[in-house]
Structure formats: C-alpha cells, structure tokens
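Asker: Sequence first, then the predicted structure, then my questions.
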Protein chains: 2
Amino acid sequence: MFDPVEKLKEFIRHPSVSADPAFKAGMQGALDFTTGLLASIGFDVEVVKTDLHPIIMASRGTNPAWPHVIIYGHYDVQPADPLHLWQSPAFEPEIRGNRLYGRGAADNKGPLMVHIAAVARLLERRPDLPLRITFMIEGEEEMGSPSFPKFLAAYGDRLKQADLVYLSDTLLPSEDQVVITCGLRGLVLCDVVVTGPKSDLHSGLHGGVLRNPIQAIAELCASLHNPDGSVNIPGFYDDVMPVEPWEKEEIKKLGADAEAYRKFLGIPAFYTAKGATPFEATRVLPTLEFNGIGGGYQGEGTKTVIPSKAFVKLSCRLVANQKPAVIRDLLYKTISERMPSDVTFEIIDQHQGVPYVVVPPDRTNTPPDQSPVLANAFRAADQAIAAVFGKPPLYLREGGSVPIIADIKRMTGLDSVMIGLFLPEDNLHAPNESFNLDVMAKGMRASERILEAIADR
Amino acid sequence: MFDPVEKLKEFIRHPSVSADPAFKAGMQGALDFTTGLLASIGFDVEVVKTDLHPIIMASRGTNPAWPHVIIYGHYDVQPADPLHLWQSPAFEPEIRGNRLYGRGAADNKGPLMVHIAAVARLLERRPDLPLRITFMIEGEEEMGSPSFPKFLAAYGDRLKQADLVYLSDTLLPSEDQVVITCGLRGLVLCDVVVTGPKSDLHSGLHGGVLRNPIQAIAELCASLHNPDGSVNIPGFYDDVMPVEPWEKEEIKKLGADAEAYRKFLGIPAFYTAKGATPFEATRVLPTLEFNGIGGGYQGEGTKTVIPSKAFVKLSCRLVANQKPAVIRDLLYKTISERMPSDVTFEIIDQHQGVPYVVVPPDRTNTPPDQSPVLANAFRAADQAIAAVFGKPPLYLREGGSVPIIADIKRMTGLDSVMIGLFLPEDNLHAPNESFNLDVMAKGMRASERILEAIADR
C-alpha cells in the first residue's frame, strides 16, 4: 500500500492547468501519474481520447451480480496566478501544520486521492471484495467539462450498467460536519440586446426625442423582481418542489450564522424572496440574476452620447422540478410583453442546465423511488461518517450548478452521492490552496467503510 | 483685397488637429496664417499663450464711442481619420461642383474666413468705419476649449468693454434658410456607482440572498422617467422658461419633417416628454439621459457572477432659467432617497454648464432687457439675411451645449449672435467635410452688411 500523502504531493507536482496550453506537459504528467497509480492497485485502465484532454476510465471487478460504483474525479486544476501571493510555490507541495499546500490540493487531487487510497486499502485487505468499481476521471472540469457530454453520449450505455456515482467535489462546512449534497440548481441563461437609434447619437442634439436603450433595459430589469424580492415572472414558481420539513431541519442543523455570512458578503442587509432565510434562499428557491450589463460610454469622465444599443446578461437558477424549457419560455414571453414598442430587441439564447435532486432514503416519510444499492449507499455513508467524523452528515441542496451531475442523471439515470471534503478555508481557485490532512485521514477511513458496506449490502 | 476661396484653401492646407501632438507644425502653421492674414488687413495682433494652443486676439478701432464686436472662431480642426474614406486628401483642398472639400472647410475655417473676408471688404470700402472689431480665435475648440475659462478670467475685464460676440459655428438647415441660434442647453453630469457585495460572487452559491447592484442601478434608472416620458424628479421642471408663442411659431416655420427625422434616427417611434413634438423637445425641454451603464461580465458567452459594483453615467440637459446647482441637488436628493438600504452607493460629480438664451428683440411682445447695440445687431442680421438669402432667419434654441457661449455670458455679460453657416450635408467631424461656396459667398455679403449696420446704428 502506497503512502497517500506522498502520492498526493507527487500528483500536485504535475502542473495540470487544463485551460492553458502552456501546461501540456503537466496535463500529460498528471494523466500518466493517475493511470499508473490506478494500474498499480489492480485496475484495468482505459484512456478515452476527447477533443482536448483525455478521460480516464479504470475498472476492477466484472461480476454483473456485484454492485457497481462509479467514482468521479478530475485531474486538472485551476491556474495558479497570481503566483506572487503564494507562500510556497503552487506546484511544490509543502506541509505546514496539518495542511498540505499546493494548487489542486483540495480541488480535486486531495479528495480524489482519498478515494483511490480508500479503494487501495480495501482491496489490499479484501482482494475478493464483491464490488465493481470504475474510476471516471476527467481533465476538463476547470474548463466547464466541454468534452463530457460527447463522452456521455458514447459511453452512456456502459455507464448505465452501474448503480451510482460517488464523488467528493463539494464543500464541508466544518472539520466535523460532513455535508452530503443532494441537490444542485439548474440554469437558464440569455442575453437581451435592445436597440434604440441606428447609431450612437449626440445627447444634446437629439436628447428628448427617443427612448434611450439603457432606459429600456433598466425598465425591463427593474420589472423582473417584486418589492418582496421574488421574481416577477408569471408562473415562475409554479413547478418549484415544496420544501419538506426534514429539509428545513437540515438547514437549521447546519447552524450557520447569518450575521457572519452578512459580514463575509460585505452587504448592509440581506434581500431574499418569500421571507426565506439566506441559507434557505440559495438552496430551495430559484433566482433571476443579472450577471452583466453594458451600453454607451463606460470610460473615465464623460461622453454625452445616446447609445444605439444596450444589453443585459440574465441567468435564472432553477430548483428541483423546474424545467429549463418552461422557464425559458416564461422569461422570453415576459421580456417580449414588457418591451416598449419604441425600441427593438433581441433575446440571445445562452446555455441551459437542468436542476438536480436526490433524496436520501431515511429523512422523508415518503421514501424516494430509488434502487436498493443507492439507498444502501446513503445508509452506508450516514453510518460511516457518523462513526469517523463523530456526527452524521447533513443532507443539503446547494445553490450552485454542476452540469455534469445533472447530465449523468439525464443520460444514464444514475444518481450521485456527493460527499463534501473541502473546507471553506481551503482557498479553492485562490492562492495558497491547501487540503486539511486530518480531513484527508478521516475521509479515507470513511470512504473505505462506505465502499465496503456497499459491497456487502 | 485677397481672394477668400484661395485664402481658405491655404488655411485648410495647415493640418491643425489640436488634439493630436503629431500635428504641432500644422497648429503653428494655421496660427501664423491667421495672424498674418489679420495683420494684412490692418489688425493689431496679439497671440495669447495658454497651457496648450494660443488664442489670437486681433483688434482694430480704439474709439470708445464706437460699438465693439468680438468675432469668435477657431483655427483648430477635428482629426481626419479614417483617411481612406476621403475622396480627396483631407488637407489638400479641392473644389468639386460648388463645394470646397477638406478637413475644417466648414468647421470652422470656412465660416471664420467668411467674417474675415467680410471685414476686409468693408474696411477696404470704408477705412474709417466707426466700429471696433476684435477677432478672438482659439485653437482648442475641438478639444472642449480647456484653456478658455482661464483666458476668460484673465481677459474678462477687457472683453466686458465690448457689446456683443458674433460668430458662425452652428447649423443652417438649408441653403436658403439661415438660423440664428438663440439658446443652448446647459448640463449636469454625474456617475452613480452602486456597491453590493464586497467582491464579485458566484451567482449559484450566493444568488438569492442579496440585491444585485445591477438590479439596484436598473431600479434607480427605471424610476427617473414617468410613463409620459417626462423626468420623474420632483421640482425638475419648476424653473423651466415657458415657451412663448413666437418660439413655437419659429419651430413650425422650420418645416422639418418628423417622419424623415424618425427614419434618420432609425427608431420605431418617438418618445418625448409632455406631448412635445420632437423638434420642440430638444429645443425647449430639459432631459435626463443615460450616457453609459456597466457592471459585471460583458464578454462573449456567460459568466455566472454577481458583480460587486455597477454604475450608470447620467446627464441632464437644462433649458433657460434652470440652474445647474439646483438640478444637481434635486437629482442627488432623488437618487439618495430611492436607493435601497441593502446596497451602498456613491455619486461622482462630473462637470456642469449653464444653459444659454438670448431673445431676439422683435419677436416677443415683452422686449428683452438688452443693449441697443445688441438689439441693433439682431435687426441688422435679420435684414441682411433676408436681403441676401431671400428669407429672414429663424430664431431657434438648439439642444446642444456650447459651454464657452454660456461662460462668456457668465464671465462678461456678453450675449452672442450666432449665425449658422454650415449645412447638414457638410459632413462635420466626418470624412469628406466640405463647405458650400454659394453659402460662403452669400455669408460674406450678409456679414459685411451686418457689421456695417452695427457700425452705423
């Protein structure tokens, strides 16, 4: 059995920045390292070519009677700049206190190493473990997984044979409180471009005769929320999944401090819809946000112009049961109805993503319709985490969107068990990223137990 | 007596682009050309140094009993690019048909030459003309006259001895219809910057708990107009000078075609305040315009961010009797009252300019309180223009702002008689700028008569 911390250091030394072509050697190094490590613990490794960075598929166990777990991870990392803010070089791992510093330590090389080491230990102890395991490790996660849908289309039939996806690429609120993420929001994104006059105009010579496209955009945007903070699009909330009492309880158990959160955001006051607490608002309610707005002169000083065009970039985050196509239609209809007839406008489709939700089997009075293997995996996780971390996990939906999780569900029917292993202070995507070695050790013990329990049913 | 068209060609050959340091020699050439020409017709020439381009002060006549006219003009021109769109080189004047092409032909070298030639002819015919004339010719007009206020502060006492300012740097709607511009709008400009969270946020993780600064800016902007197009700032219209029937009549006499104007702007419909026609709206009503807006991600595709900041650049155009300081206070008070308490904001002062108005003496039943020399100048212009162009001039306020005219009024008390001499098709500030030689010839005849009538009273 290898030393997981030493192996993680070796993994970090490969600078696998997927978004930057200058790091080609680092990507190849991380790929070779991962395939080598998986082969060394007895896996059959396949490297699946994509348009950019390959996806690793590595499996052990062929008995179709055995449960089958797909372990997801990624070997690519975020760029490390600004480099001068790092206390030790980003790609030269260094342990200080109980933390291992380096780019990718927490996102996602450390958590992925947790599961590889857990599998290695488990198989060393029980070489005949009745469990099929497939590692599915991509190299484009930090770029938005552009090759993943094509891969899913090609490999979907094979993936369908599995029982569940198992991964750690989400947050743990504190060292002793694990969260199992059981929902992610979906997305509908579009741009609205308003055109007033056919070219920019002098605001003195022509000001007062026409509606400025910035005014039209502002009036549209201002109309999209009610004074109570809710989204003012008729029908927007119709399909929203009701929040069950168990879920409100989980959010309360999180024990998060609203005042500390307010200070972290740096805002004078919260502004949520429908009287929700801030911790409910991001998890169980949909939103409409403005991601960008632009028009006219934006430089220093003044330019007295009436611009020809102004635009806004909108995004809706959707929660369970909401359908992107339905929300898109409601949004476009609302925009079209509200736009005044003295300007012209265009709505430009951006992408969409379906929301994701999986319900843990024992929290609700109406048991979800899910496979016994998945239900067993949740129970195994619950017990193993309680035993190792000292507290049972919380089951929370998160406000973000991880399109691949919803895509896997849509293309293969597989649900995901997402066990958070990085802490808020791990500085993901920032300088001085690190991974807590105590969490790493506990994560390996818990993961070993979880996988064993899934095998033994 | 020199040949005015040949002299204008010589003037144009000096590439006097004030904004571009590469044209230093052209600026010097145009300066030397102008001072030489004025000296050659008997003027005492003074070159007043400024921080950048000198101002020419050239005078004749010293008898304090004589009326005193200041003739304003500028020897600098706009940049000529894009050069490839010119049919003949910008600084190689060429006559095609009845037009002289070249950068500065219409703005302002041609109209200035009209008055220099008129003065030259008049003084040749009447060397003892009882009129004091001062040419005040600047070299920074196309840069916004940055040195002019300082010049006015130093030379104001001397300028106060004059009776009026006389210039041609405004528009003539058609070859036979001269307009005397008798009003210009003032300005109040500011930026409003709204801050939400202290840094940009992930719109998934945090969307739904706070007011997006783009939403706050949009709500503010949307609140600043009423559905009828008027500005929704309490007290905004309180000081607006009532429009007299004679002025409505002048606007009607302009005979401008609203449908042609709508097509020129390329808008589906007009949008004016208080039921005004578009031709009234720009001339007699104040406005609030949005010159620029920005915040968040403005690139291609999407970035799901909640920005920390968003801003808008606002400008109000003010009409006669409105005071910039009063409007500024009303605007700032309105912004402050309407901004929600869950964001912070800052208002950044930009510049201000007072509106300008001068009332022609014989159009109104309530004669304006003005000097007999000024009233006589208007009457002289009316008669001379009617005789030479075949129609009396129209007296119209314009929507633009020419800060130096209001500054001269404010610092010296002098009013301006502004006689439009360039046509819409003269392509000011654009490639293939030209000056109509028939307008030039008529302009010289009219100007000669006007100056003679001012002298003879």
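Answerer: That came in fine, so what should we check first?
Asker: so residue A:394 sits right up against residue A:253, yeah?
Answerer: Yes: contact status for residue A:394 versus residue A:253: in contact at 5.8 Å, counting by Cβ atoms under 8 Å. Heads up, the C-betas are built off the backbone N, CA and C, glycines and all.
Asker: Look at the two and report which has more neighbours.
Answerer: residue A:394 (24 against 14; other Cβ atoms under 10 Å in any protein chain shown).
Asker: name the helices or strands packed onto the strand or helix carrying residue A:155?
Answerer: Taking DSSP states H and E as the criterion, residue A:155 maps to helix A:148-159. Using 3 or more Cβ pairs under 8 Å, 6 or more residues apart in numbering or on different chains; DSSP states H and E as the contact test, the elements touching helix A:148-159 are strand A:55-60, strand A:132-138, helix A:403-412.
Asker: To residue B:99, which of the ones you listed lies closest?
Answerer: helix A:403-412 (62.0 Å; Cβ to Cβ).
Asker: Which elements pack onto that closest one?
Answerer: In terms of contacts (3+ Cβ pairs under 8 Å, 6+ apart), helix A:403-412 is packed against helix A:148-159, strand A:356-357, strand A:416-419.
Asker: winner for burial among the ones you listed?
Answerer: Among those, strand A:416-419 has the highest mean neighbour count (mean count of other Cβ atoms under 10 Å in any protein chain shown), at a mean of 25.
Asker: Neighbouring strands - and their directions - for it?
Answerer: Here strand A:416-419 has these sheet partners by DSSP bridges: strand A:164-167 (parallel), strand A:179-184 (antiparallel).
Asker: can you tell if stretch A:77-97 touches chain B?
Answerer: No: for stretch A:77-97, no contact with chain B is found by Cβ under 8 Å from any Cβ of the partner chain; the gap never falls below 13.6 Å.
Asker: mind listing what's buried in that stretch?
Answerer: Burial within stretch A:77-97, assessed by neighbour count using 16 or more other Cβ atoms under 10 Å in any protein chain shown, is assigned to A:77-80, A:86, A:90-91, A:93-94.
Asker: Near the residue of the stretch 101-250 of chain A found nearest chain B, how many other residues are there?
Answerer: Among the residues of the stretch 101-250 of chain A, residue A:198 lies closest to chain B, at 2.8 Å counting by Cβ to the nearest Cβ. Counted with other Cβ under 10 Å, the neighbours of residue A:198 add up to 14.
Asker: count of neighbours near the closest residue in space to it that isn't next to it in sequence?
Answerer: Leaving out its chain neighbours, the residue that sits closest to residue A:198 by Cβ to Cβ, 6 or more residues apart in numbering or on different chains is residue B:266, at 2.8 Å. As a burial measure, residue B:266 scores 15 neighbours (other Cβ under 10 Å).
Asker: per-residue pLDDT, residue B:266?
Answerer: Here, the pLDDT recorded for residue B:266 equals 95.
Asker: Go ahead and confirm it touches residue A:199.
Answerer: Yes: between residue B:266 and residue A:199 a contact is recorded at 7.4 Å, counting by Cβ under 8 Å.
Asker: residue ranges with poor pLDDT in the stretch 151-300 of chain A?
Answerer: Residues of the stretch 151-300 of chain A meeting the criterion pLDDT under 70: none.
Asker: residue boundaries of the strands in it?
Answerer: In the stretch 151-300 of chain A, the strands defined using DSSP state E, counting those that start in this stretch lie at A:164-167, A:179-184, A:186-195, A:201-202, A:287-296.
Asker: okay, those in CSV with distance to residue B:235 and mean neighbour count next?
Answerer: Shown next, in CSV, are the strands of the stretch 151-300 of chain A (distance: least, Cβ to Cβ, whole Å; neighbours: other Cβ atoms under 10 Å in any protein chain shown):
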stretch, distance to residue B:235, mean neighbour count
strand A:164-167, 61, 23
strand A:179-184, 51, 25
strand A:186-195, 30, 22
strand A:201-202, 27, 19
strand A:287-296, 27, 26
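Asker: Select, out of the ones you listed, the one closest to residue B:238.
Answerer: Among those, strand A:201-202 comes nearest to residue B:238, with 26.7 Å by Cβ to Cβ.
Asker: For chain B, state which of the buried residues of stretch A:77-97 is nearest.
Answerer: Nearest to chain B, judged by Cβ to the nearest Cβ, of these is residue A:78 at 13.6 Å.
Asker: got the contact list for the closest one?
Answerer: A:17, A:19, A:103-104, A:107, A:142, A:428-429 (Cβ atoms under 8 Å, 6 or more residues apart in numbering or on different chains).
Asker: and what of residue A:12?
Answerer: A:91, A:93, A:100, A:102-105, A:109.
Asker: which pair in those residues spans the largest distance?
Answerer: Largest separation among the contacts of residue A:12 by Cβ to Cβ: A:91 and A:100, giving 12.8 Å.
Asker: what about the most centrally placed residue in chain A, distance to residue A:229?
Answerer: The residue lying closest to the centre of chain A (Cα atoms, centre = their mean) is residue A:402, at 3.5 Å. Note on residue A:402: its distance to residue A:229, by Cβ to Cβ, to the nearest Å, is 26 Å.
Asker: Give me the number of neighbouring residues for the nearest residue to residue A:19 once chain neighbours are set aside.
Answerer: With Cβ to Cβ, 6+ apart as the criterion, residue A:19 has its nearest non-adjacent residue at 5.1 Å, and that residue is residue A:143. Residues contacting residue A:143 under the criterion other Cβ under 10 Å number 17.
Asker: repeat for residue A:235
Answerer: By other Cβ under 10 Å, 12 other residues sit near residue A:235.
Asker: for residue A:237, same thing?
Answerer: 15.
Asker: before we move on, what about the one 5 residues further on?
Answerer: When neighbours are defined as other Cβ under 10 Å, residue A:242 has 8 of them.
Asker: Would you format the helices and strands packed on helix A:403-412 as CSV with distance to residue A:294 included?
Answerer: Listed next are these as CSV, based on distance: least, Cβ to Cβ, whole Å:
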stretch, distance to residue A:294
helix A:148-159, 30
strand A:356-357, 32
strand A:416-419, 36
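Asker: Of all these, which one is nearest residue A:220?
Answerer: Smallest distance to residue A:220 across the helices and strands packed on helix A:403-412 (Cβ to Cβ): 30.0 Å, for strand A:356-357.
Asker: quick check: angle from the helix or strand that that closest one is followed by to strand A:179-184?
Answerer: Counting by DSSP H and E, the element after strand A:356-357 in chain order, helix or strand, is helix A:372-389. Helix A:372-389 runs at 140 degrees relative to strand A:179-184, counting by axes from the mean of the first three to the mean of the last three Cα atoms, to 10 degrees.
Asker: Which residues in helix A:372-389 does the neighbour count mark as buried?
Answerer: Here helix A:372-389 shows A:373-382, A:384-385, A:388-389 as buried, counting by 16+ other Cβ under 10 Å.
Asker: Could you tell me which ones among those also sit near chain B?
Answerer: By Cβ under 8 Å from any Cβ, no member of those lies near chain B.
Asker: For those, work out which two are farthest apart.
Answerer: Every pair in the buried residues of helix A:372-389 was compared (Cβ to Cβ); the two farthest apart turn out to be A:373 and A:389, at 23.3 Å.
Asker: for the stretch 201-350 of chain A, what spans make up the helices?
Answerer: Ranges of helices within the stretch 201-350 of chain A are A:213-223, A:245-253, A:258-265, A:278-284, A:324-338, based on DSSP state H, counting those that start in this stretch.
Asker: quick one: buried residues of the helix or strand hosting residue A:72?
Answerer: Per DSSP H and E, residue A:72 falls inside strand A:68-74. Within strand A:68-74, the residues that count as buried by 16+ other Cβ under 10 Å are A:68-74.
Asker: Name the surrounding residues that touch it.
Answerer: If you take Cβ under 8 Å, 6+ apart as the criterion, strand A:68-74 is touched by A:61, A:108, A:111-112, A:115, A:119, A:131-142, A:159, A:161-169, A:377, A:404, A:414, A:416, A:451, A:454.
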